[in-house]
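J.: Quick one, fold the following:
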Amino acid sequence: MMGKCPECGSWGSLVEQVTGVSINKANKLGKSIPKIIRLIDIEKNEYERISTTSNEFDRVLGKGIVLGSVVLIAGDPGIGKSTLLSHLAINIGRPSAVSLVPSAGNLRDKDENLVIYVAGEESAQQIKLRMDRIDSRAEVSFLEETDVDAITAAIEANMPKLVIVDSIQTMETQDLSAAAGSVSQVRESAHRLQRVAKKLHIPMFLVGHVTKEGTLAGPRTLEHLVDVVLTLEGDQTNNFRILRSTKNRFGPTDEVGVFEMNENGMKEVTNPSQVFLEERVSAPGSAVTAVLTGLRPILVEIQALVTKTNAPMPRRVGTGVDNNRLQLLVAVLQKRLKLPLWDQDVFVNVTGGLKITEPAADLAICAAIVSSFKDFALPNNAAYIGEVGLLGEVRTIRNLEKRTKEAQKLGYAKVFSAENLKNISGLLKSN
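T.: Reported below is the predicted structural model:
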């Protein structure tokens, strides 16, 4: 046993990987040559989908669940992955759950509404308590099993409408001697589940763990193996949960779904902009911007706190925004607006738990920082949308008209952007 890698010198980085040797050594001689398909000969068909009965969930998946697809959903422990999938199992198990696209050559009986919830971590009794809080009339079947070969046999025998595996890290096959959760077991188990899902045209959801760094646990091939990768984000002290798609072979990857956790489970938020801004108060350090998630603009509040530091190096801390981007914007404010932020701590937060990755929020971040530093409140009916360059110029962003309409619909008549604010020096005059 070696604790130190001889290549890179790091400790505790060696992982056991058990590979099985196939005993089926069929003679390849005499095999027919596979047929090459020309692009012009391929017929264009719509994906066959079923609705989750949740508009937010369908939005993230791309208008519903594609039959035969494998979806991996990950998130921090206790964030609500099992609760969200319990809602999904209950909704799909109802007789009213119908296909969004007419069935064509489906191997499963079209009237079958069987949903199998594979309980690898929790017992069926524990899951029943959670589902009873959501709907006491739920019709879901459970399979308390971690042997992936037994699970695939049960799927083939019962032909369910949906399969939920909670979680993939608990699955194992007796063909490998490695422990459950190891790289080889996770990869092989996921491969066998994916193969039966494609073969029988059955959609399947896999629950995945995350590491302490927030990345998906297990081999990287797990993400390549599945069709869709979803992450459930949010602060456990906050009721809001953000469902984000990071990979989707059947839809967009920049859509998000907003949910609210309550005592009865997970409730979808139909108007996220109004919810994120309902507790906003008029005070120094608050600015509103419009971010685009897929095709939907969402208004969020950016809060900033600028205070004199007691440390040798001032802190720049961002929650919901990229820290590197925040440091860059602070440097631009120091250089272009001559703000003495060299001895000031700067804290920026996006309310509601939403994470912003696009530069359209730059102007709002700068406005919030200036407002907090100068100790004056920005106009209540103003929104700030735009990218800030290194020269202090405000740049245009995509779909500005759609964002502006969303802001005006919620009462923000003044929208500061590249059209009426060419440089960030105008922030000092916008009050």
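J.: Can you give the distance of stretch 55-67 from its chain's centre?
T.: Average the C-alpha atoms of stretch 55-67, do the same for its chain, and the two points are 13 Å apart (Cα atoms, centre = their mean, to the nearest Å).
J.: now stretch 307-318
T.: Average the C-alpha atoms of stretch 307-318, do the same for its chain, and the two points are 31 Å apart (Cα atoms, centre = their mean).
J.: quick one: the strands in the stretch 101-250 of the chain?
T.: Remark: strands assigned in the stretch 101-250 of the chain by DSSP state E, counting those that start in this stretch are 115-119, 141-143, 162-166, 204-208, 228-233, 240-248.
J.: Pull out the buried positions in whatever helix or strand residue 258 lives in.
T.: Of the helices and strands defined by DSSP states H and E, residue 258 is found in strand 256-262. By 16 or more other Cβ atoms under 10 Å, the buried positions in strand 256-262 come out as 256, 257, 258, 259, 260, 261. Glycine gets a C-beta too; all of them are placed from N, C-alpha and C.
J.: And the helix or strand following it, what does it pack against?
T.: Moving toward the C-terminus from strand 256-262, the next helix or strand (DSSP H and E) is strand 265-268. In terms of contacts (3 or more Cβ pairs under 8 Å, 6 or more residues apart in numbering; DSSP states H and E), strand 265-268 is packed against helix 55-61, helix 81-93, helix 124-134, strand 256-262.
J.: Compare these and give me the one nearest residue 413.
T.: Distance to residue 413, taken as Cβ to Cβ, is lowest for strand 256-262 among the helices and strands packed on strand 265-268, at 25.0 Å.
J.: follow-up on the earlier one: let's have the strands of the stretch 101-250 of the chain in CSV, adding mean pLDDT, distance to residue 392 and mean neighbour count.
T.: Formatted as CSV, the entries for the strands of the stretch 101-250 of the chain read as follows, by pLDDT from 0 to 100; distance: least, Cβ to Cβ, whole Å; neighbours: other Cβ atoms under 10 Å:
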stretch, mean pLDDT, distance to residue 392, mean neighbour count
strand 115-119, 94, 55, 25
strand 141-143, 93, 60, 18
strand 162-166, 95, 51, 26
strand 204-208, 95, 43, 26
strand 228-233, 92, 32, 22
strand 240-248, 91, 32, 21
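J.: For residue 234, list the residues it contacts.
T.: Listed by Cβ atoms under 8 Å, 6 or more residues apart in numbering, the contact partners of residue 234 are 79, 80, 240, 241, 242, 261, 353.
J.: With adjacent residues omitted, what lies nearest to it?
T.: Setting aside the residues directly before and after it, residue 234 is nearest to residue 241 in space (Cβ to Cβ, 6 or more residues apart in numbering), at 4.2 Å.
J.: Give the bridge partners for the one you found, please.
T.: For residue 241, the beta-bridge partners are residue 259 (DSSP bridges).
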